[in-house]
Structures are given as structure tokens and as C-alpha cells.
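A.B. asks: Structure here, sequence nowhere to be found:
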């Protein structure tokens, strides 16, 4: 029951990251770890050791570099004041549904006045 005005984007204008990318990313990291383990188990050669170290370094650096605390909802309206405004609107109209603004901009959460 949410009203969507379009897809969310991040600050770079690209599509926001999806929670559906977590499992494939975990499988990719596991594959890299297994590959590095197999390279280290092979007879010691400097080339293989260098590749294994590079893979392990990438496994540490890439997740740390892509970790963001800001999402498309970070700059959105706060829930508490929106619910308070909805309660006032419900008192004014008596019954029905109040709309609470949520992030991303243009989206609302309709709440029955009996629940506010």
C-alpha cells in the first residue's frame, strides 16, 4: 500500500544497491577464498603466492571500500513527526486514512485513523 513515484537512486545517480546482491556476493567471496586456499596449498611458487595475497587483500579492501552508511532513505522524513501529523489529521477528519510521508521522496504510508 505504498505510493511509489519512481525508483530510488543513490547520490551518484545510479540504482540503489539491492539486498538481493548479498547472497551472490557472499558466494563470490567464498569462491575467491577457496581459490586462494588452493593456490597456497600448491607447491610454493612466488607467482602463486603473490596471486593468493592479492586475492586475500581484495577480499578485505573491496567490502570495506563499498560499505556505506548513507542510503536513499537517510535524508527522508522522520517517522515520529509524520505519525504525530497523521494523528492531528485524523482528529480533524474524524475517521478514514492518514498518509505519513516516508523516504524516498514522494512515497507515503497510509495509516488507518484507528491505528494512529
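C.D. replies: Everything's here; your move. Every value quoted in this text rests on a predicted model; they were computed, and no experiment measured them.
A.B. asks: what about stretch 22-42, average pLDDT?
C.D. replies: What stretch 22-42 shows for mean pLDDT is 79.
A.B. asks: which residues touch stretch 109-116?
C.D. replies: With Cβ atoms under 8 Å, 6 or more residues apart in numbering as the test, stretch 109-116 has contacts from 1-2, 82-83, 86-87, 90, 93-100, 102. Any C-beta I mention is one placed from the backbone N, CA and C, and that applies to glycine too.
A.B. asks: so how far is the first residue of that stretch from its last?
C.D. replies: Using Cα to Cα, to the nearest Å, the end-to-end distance of stretch 109-116 comes out at 12 Å.
A.B. asks: Could you do stretch 58-74 as well?
C.D. replies: From its first residue to its last, stretch 58-74 covers 29 Å (Cα to Cα).
A.B. asks: What segments of the chain are strands?
C.D. replies: 97-102, 107-112 (DSSP state E).
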